[in-house]
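Q: Return a 3D structure for these sequence lines:
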Amino acid sequence: MAVFTQILAMRPDFTDADREWLHQLVTDWQVIADLSFADLLLILPMPDGRYVVADQCRPSTVMTLRSEDVVGKEVDRELYGELDAAMRATSIFRSTVMRSIGKSTVCNVYAPVRHEGKTLGLVVRETNMATRESNGRYESESINAGKQLYEMIPRGQFPYHDPVMNQRHNARVADGFIILTVDGIVRYASPNAVSCFRRLGSLTTMQGQYLSEVGTQLLHTNDTFPESLPLVLSGKAAVDSELEANRSAVSMRSLPLYDANGRTGAIVLCRDVTELRRRDVELQTKDATISEIHHRVKNNLQSISALLRLQARKTQSQEVKKELAEAQRRVQTIAMVHEGLSQTADEMVDFDKVISKLLKMSVDLATMSDQRIDIDFDGSFGLMPAQDATPLSLVLTELVTNAVEHGFDGRQQGHILIRAKRTGTHLDIAVEDDGSGIEAEEEHGMAKSSGSGLGTQIINTFVTNDFAGSVHWEPGEQGGTKVIVSINLRAAQAEQN
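A: Residues are numbered from 1 along each chain as shown. This next block holds a predicted model:
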């Protein structure tokens, strides 16, 4: 669609409403190509007098005439006479000359795309004449329905104004279609459409029946149904809906048909989505189960954190108190990652949201009562799976805690800045502070050890072994210390593959 947008930009005289109209046209014209068993081209005249193919649509119900992509190419000059005449027309313009595309004999028909009183371009219907030979009822009804939709384009009746489309799995022509009269009576139902209603439990002959009655007979007294369903079954509006009955589901879409005098009937597309809905339910159940597991893991970790805090209060040793407080902080860090996972349905963590809360908590826990240390963030970590989020959160909390304990020892105020730059699965992080300097925080190229030195081990193990990355310490630009962490997100890489 980027090429289509670029071609529209070559017509500065088009208003935003004109461009939107053309966008709506190419979004919805697949149904015309499928019903008509024909290729469609959108041709726009350029300010320099050329005609350019702005978009094309291949039918999914018959072999296409054009295997190559012609979007952006200039139309053959020999067709300019026909194109000029079609642009001056206000209704369908038919070519009087048969053309050849490959080994196929093709008839061109032109529909001027009119909007707000002007002709924006032409929709060319390229019909392989072989598709018009020895047609049965199915082909004849399909071609006639496609012809009626196609003829609505010059009158500004297609694409539809303000269509209501809510279904994720919209029906297509090959899935099944029903032709309704202006009164909503079934004039023709394709075999696939009949199969859809048989799946819903309908045993009646559809032809000659009101589709609304066929549909409502499948519902029980207390069954609920979408408000749009009556409009779809009557064919009175361009809306979609879904009918559920007999433990089955059919997605339907109504396409009203109009002539110059008003509505003449409708096409209703049908698609059996029973299996898709069953899978949706399974996924929702799975997502709910996973979220509940993460929620319970978080609760269990918080219980462990509470036990560690209680144990720290009981002990008399200051060294043990400090180690237990460190263990409590690390457990709480992992718990917050699981809290973030419990609020999502796709096992992906919004790391910016989680790490912001975590690091502010780490600063609060590490500061003395008379200290005030602020922390800010620049850039974005993005979404990442739990396999990356948990170790990365531990690394960052250790770095921030190290900065507070060593860089701001004996100081009442300070500032820490976390910068993140992500490119795909590669992540560069800088932790900068305005503390006492690198000598206070770094020792032999690693975080200065305090107590058991577990924090230093966590940083080095996760960064070098798990993320295949590196940690580099250097003096800050404005004093203090700057730690540069460069890692490759392993689980995020697997997600992309």
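
Q: contacts, neighbours, all on C-alpha from now
A: Will do.

Q: Count the neighbours of Pro191 for me.
A: 13 (other C-alpha atoms under 10 Å).

Q: In contact with it, which residues?
A: Gly176 (C-alpha atoms under 8 Å, 6 or more residues apart in numbering).

Q: Please tell me how far it sits from His220.
A: Computed as C-alpha to C-alpha, to the nearest Å, the Pro191 to His220 distance reads 26 Å.

Q: try Val182
A: 27 Å.

Q: go on, Ile438?
A: Ile438 is 75 Å from His220, by C-alpha to C-alpha.

Q: Can you pick out the residue with more neighbours from the two?
A: Using other C-alpha under 10 Å, the more surrounded residue of Ile438 and His220 is Ile438, with 23 against 9.

Q: Please name the nearest non-neighbouring residue to the more buried one.
A: Thr481 (4.9 Å; C-alpha to C-alpha, 6 or more residues apart in numbering).

Q: OK, contacts around the one you found?
A: So Thr481 contacts Gly407, Glu432, Asp433, Asp434, Gly435, Ser436, Gly437, Ile438, Glu441, Trp473, Glu474, Pro475 (C-alpha under 8 Å, 6+ apart).

Q: Quick check: the fourth one touching Ile416?
A: Going back to what we said before, that points to Asp434. Yes - under the criterion of C-alpha atoms under 8 Å, Asp434 makes contact with Ile416 at 7.0 Å.

Q: before we move on, the earlier item: what score does the residue nearest to Ile438 have for pLDDT?
A: Per-residue confidence (pLDDT) for Thr481: 88.

Q: try the one 4 residues further on
A: Each residue has a pLDDT score; the one for Val485 is 92.

Q: Just confirm it is within a helix.
A: No - assessed with DSSP: H, G, I helix; E, B strand; the rest coil, Val485 is strand; it does not lie in a helix.

Q: what residue of this structure is the furthest out?
A: Relative to the centre of the chain, the most outlying C-alpha is that of Gln316, 56.6 Å out, by C-alpha atoms, centre = their mean.

Q: For that residue, what is the enclosing helix or strand?
A: Using DSSP states H and E, Gln316 falls within no helix or strand.

Q: same deal with Ala54?
A: strand 51-57.

Q: Now find how far off-centre that strand is within its chain.
A: 26 Å (C-alpha atoms, centre = their mean, to the nearest Å).

Q: From the contact counts, what lies against that strand?
A: On a contact count with 3 or more C-alpha pairs under 8 Å, 6 or more residues apart in numbering; DSSP states H and E, strand 51-57 meets helix 2-8, strand 39-45.

Q: Could you look over those and pick the most buried one?
A: Greatest average neighbour count among the helices and strands packed on strand 51-57 goes to strand 39-45 (a mean of 25), per mean count of other C-alpha atoms under 10 Å.

Q: any chance you could map the helices in the stretch 301-450 of the chain?
A: Using DSSP state H, counting those that start in this stretch, the helices assigned to the stretch 301-450 of the chain run over residues 318-342, 351-366, 386-402, 438-441.

Q: Now do the third one and helix 318-342, the angle between them.
A: Computed with axes from the mean of the first three to the mean of the last three C-alpha atoms, to 10 degrees, the direction of helix 386-402 lies at 140 degrees from that of helix 318-342.

Q: Flag every buried residue along helix 386-402.
A: 386, 388-402 (16 or more other C-alpha atoms under 10 Å).

Q: could you check the angle helix 351-366 makes with it?
A: 30 degrees.

Q: what mean pLDDT would you report for helix 386-402?
A: Helix 386-402 shows an average pLDDT of 83 in the prediction.

Q: And it, what does it pack against?
A: Using 3+ C-alpha pairs under 8 Å, 6+ apart, the elements in contact with helix 386-402 are helix 318-342, strand 348-350, helix 351-366, helix 454-460, helix 490-496.

Q: cutoff 7 Å now
A: Helix 386-402 sits against helix 318-342, helix 351-366, helix 454-460, helix 490-496, with contacts defined as 3 or more C-alpha pairs under 7 Å, 6 or more residues apart in numbering; DSSP states H and E.

Q: where does the nearest residue to Ser228 once chain neighbours are set aside sit relative to Gly215, distance-wise?
A: In space, Ser228 comes closest to Ser241 once its chain neighbours are excluded; the distance is 5.8 Å by C-alpha to C-alpha, 6+ apart. Distance of Ser241 to Gly215, given as C-alpha to C-alpha: 12 Å.

Q: Compare neighbour counts for the two and give me the winner.
A: Using other C-alpha under 10 Å as the criterion, Ser241 and Gly215 rank with Ser241 on top: 24 against 19.

Q: Wasn't Val109 part of a strand?
A: Yes - assessed by three-state DSSP, Val109 belongs to a strand.

Q: how far away is it from Gly146?
A: Per C-alpha to C-alpha, Val109 is found 13 Å from Gly146.

Q: Over to Val463?
A: 61 Å.
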